[in-house]
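**Student:** Fold the stuff below for me.
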Amino acid sequence: MNELGDHTVTAYDDELQSLVAKIVEMGGQAERILEQGVTSLLKNDDALAQAAIAGDKLLNALQREVDEQAVLILTKRQPMAQDLREVVGAIRLSSDIERIGDLGKNIARRATQIEESIRPQAAYGIEHLTELASEQVKNVLDAYSSRSVARARDVWRRDDEIDSIYMSLFRELLTYMMEDPRKISLCTHLLFCAKNVERIGDHATNIAETIYYIEKGEIYRPDDGLE
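**Tutor:** Numbering: from 1, shown residues only. A predicted model of the protein is given here:
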């Protein structure tokens, strides 16, 4: 290959690597928003809540950059095979990661509307649920960075655990409301926050499915298993 050809290939590889780096940056920002949002809820910390809300604007800007860069690569390079899946996958991933940030921001917004202290038991439930969801997000982003279908499979399989914890917390909060009607407003906010965390787990499994698509070249179907 001549010097011009080498330069073209190198530039193309750099563009793909830049796209991957942007996705990883988005993932880190979404994790940060989630942590700030839930911590602001548990500690009644308005400054952290505002930081999470502001951080979502940066995440939205990163998503626009990813989408614009992906469209440019599709138009200019007309990629094929795995390169095409890499670019299409980046668009799908950016959407799921942006939604994770949105859900973290929603928790932060609700935190600013709660003035009373959260019952210790309920706080523990929210915290435990968030720990599981955050671990799922971290693990699936690691799976993307390492292109590990095995790690993606583990994330997908653990989603049932988050669903189970969410349902347990849902029942617990309903019990609180029945025991003390004065807690209905607080518990309603917490129910929405818990649902947001559960949805974050769903987006982590979506990302796992996209990793499968990028690496295997097939659309994931639940009956197939992430093997």
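**Student:** can we go C-alpha only for contacts and neighbour counts from here?
**Tutor:** OK.
**Student:** Tell me which residue is most central in the protein.
**Tutor:** Nearest to the mean C-alpha position of the chain, by C-alpha atoms, centre = their mean, lies residue 100 at 3.7 Å.
**Student:** can you tell me the helix or strand for that residue?
**Tutor:** helix 81-111 (DSSP states H and E).
**Student:** How far does whichever helix or strand comes after that helix sit from its chain's centre?
**Tutor:** Once helix 81-111 ends, the next helix or strand along the chain (criterion: DSSP H and E) is helix 120-146. Per C-alpha atoms, centre = their mean, to the nearest Å, the displacement of helix 120-146 from the mean C-alpha position of its chain is 10 Å.
**Student:** same deal with stretch 43-61?
**Tutor:** Using C-alpha atoms, centre = their mean, the mean C-alpha position of stretch 43-61 is found 15 Å from that of the whole chain.
**Student:** And that stretch, what's buried?
**Tutor:** 44-46, 48-53, 55-56, 59-60 (16 or more other C-alpha atoms under 10 Å).
**Student:** Distance to residue 166 added to the residues you listed, as TSV?
**Tutor:** Output for those, formatted as TSV (distance: C-alpha to C-alpha, whole Å):
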residue	distance to residue 166
44	22
45	24
46	25
48	24
49	22
50	26
51	26
52	23
53	24
55	26
56	24
59	26
60	27
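**Student:** tell me which of those is nearest to residue 25?
**Tutor:** For the buried residues of stretch 43-61, the residue nearest residue 25 by C-alpha to C-alpha is residue 59; the value is 8.9 Å.
**Student:** Check the spacing between the closest one and residue 32 real quick.
**Tutor:** Using C-alpha to C-alpha, to the nearest Å, residue 59 is found at 10 Å from residue 32.
**Student:** Could you do residue 139 as well?
**Tutor:** For residue 139, the distance to residue 32 (C-alpha to C-alpha) stands at 15 Å.
**Student:** swap in residue 80?
**Tutor:** Per C-alpha to C-alpha, residue 80 is found 34 Å from residue 32.
**Student:** hang on, the earlier thing: who does the helix holding residue 100 touch, helix- and strand-wise?
**Tutor:** If contacts are counted by 3 or more C-alpha pairs under 8 Å, 6 or more residues apart in numbering; DSSP states H and E, helix 81-111 sits against helix 3-43, helix 46-77, helix 184-216.
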